[in-house]
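> Test case, fold it:
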Amino acid sequence: PAASTPDDSEETQSEFLQKYRQNFLDTLSEAIQVTVEGYTAHYQKRKPPQGGVYRQALELFHCEGRSMGEIAKTLGLTNKLKVPRLLDLKKFRAQVCIYWLTKLKDQVQTDALEHVSADELAAIANQLEQILMEETQTVMDEAASEAQIPKNRTTKSVFARRICTVVPTLP
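Numbering: from 1, shown residues only. The predicted model follows:
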C-alpha cells in the first residue's frame, strides 16, 4: 500500500470529527428520549396518571419558554410550585447527562478504534473521557443557565432544541 499522505490524515480527522458531531447530537437525543420515557412511565403510575402532563410541561418549558406559573395555568395545576417538582429539571438534566456521557464515550471509542490501535486508545482514554465530560457539561451548564430565566426565556440551548426535536415524536 502507498504511504499515507498528510491529506489522508486530514481527511480521516475530518471524517472522524463529522461523525463525532453527529454522534454528539444523536446520543444526546437518545439520552433525552430514554430519560423522558422513564419519567413518563413513573408519572403514569400516579393517581390520576400524570405522564402526559409531565411531557406537556416539559415541552411548554423548553420549547415555548413558558414560565412555571403559565405552565401551571395551561395544565390546570392548582399551584405553580407543582411544576418545578413535576419537571425536577436539575435531576432530569443529571440523568440525561449520565446516560449521554456513557453512550457518547462508548460511541467515540468504537469510532476511534477504526483509526487507532486498542493500546493507543487505552493511552488516551483518560484524556478522551475528560474532553467528553467537559463537552457534555458545557451543554448542561448552558441548559441550566437558560432554565434560570423566569420569563421571556428563549430556548436556544442545544439541550432545549434537542428536547423540542425528540419529545414531540415520542409515542
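
> in the chain, what spans have low per-residue confidence?
1-8 (pLDDT under 70).

> Relative to Ile163, how far out is the residue nearest the centre of the chain?
The residue lying closest to the centre of the chain (CA atoms, centre = their mean) is Leu28, at 3.7 Å. Computed as CB to CB, to the nearest Å, the Leu28 to Ile163 distance reads 10 Å. Using the backbone N, CA and C atoms, a C-beta is placed for each residue, glycine as well.

> For the chain, which helix extends over the most residues?
In the chain, with assignment by DSSP state H, the single longest helix is helix 6-44.

> Okay, buried residues for that one please.
Residues of helix 6-44 classed as buried: 20, 23-24, 27-36, 39-40, 43 (neighbour count, 16 or more other CB atoms under 10 Å).

> Touching stretch 54-63 from outside, list them.
Contact with stretch 54-63 is made by 36, 39-40, 43, 66, 68, 70-71, 74-75, 83, 86-87, 89, 147, 155, 159-160, 163-164, 167-168, 170, as judged by CB atoms under 8 Å, 6 or more residues apart in numbering.

> Just to be sure, which of those residues are found in helices?
Per DSSP H, the subset of the contacts of stretch 54-63 in helices is 36, 39-40, 43, 68, 70-71, 74-75, 83, 86-87, 89, 147, 159-160, 163-164.

> about what we covered before: touching, the residue nearest to the centre of the chain and Glu135? I think so.
No - in this structure, Leu28 is not within contact of Glu135 by CB atoms under 8 Å, at 10.4 Å.

> Can you list the neighbours in contact with stretch 28-39?
Under the contact criterion CB under 8 Å, 6+ apart, stretch 28-39 has outside partners 54-55, 58, 92, 95-97, 99-100, 103-104, 139, 158-159, 162-163, 165-167, 170.

> let's see 10 Å
By CB atoms under 10 Å, 6 or more residues apart in numbering, the residues outside stretch 28-39 that reach it are 23, 50-51, 54-55, 58, 62, 86-88, 91-104, 107, 136, 139, 158-159, 161-167, 169-171.

> intersection of neighbour lists for Leu28 and Ile163?
Contact criterion CB under 10 Å, 6+ apart; residues shared by Leu28 and Ile163: Val96.

> thinking again about what came up before, which of the contacts of stretch 28-39 count as buried?
23, 50-51, 54-55, 58, 62, 86-87, 92-93, 95-97, 99-101, 103-104, 107, 136, 139, 159, 162-164, 166-167.

> For Val139, see how far away Phe16 is.
From Phe16 to Val139 the distance is 20 Å (CB to CB).

> Then Ile32?
Going from Ile32 to Val139 by CB to CB gives 11 Å.

> so what sits against both of these two?
Arg93, Val96, Trp100, Phe159, Arg162.

> Take the residues you listed and lay them out in JSON lines including distance to Asn126.
Below are those laid out as JSON lines (distance: CB to CB, whole Å):
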{"residue": "Arg93", "distance to Asn126": "25"}
{"residue": "Val96", "distance to Asn126": "23"}
{"residue": "Trp100", "distance to Asn126": "19"}
{"residue": "Phe159", "distance to Asn126": "26"}
{"residue": "Arg162", "distance to Asn126": "27"}
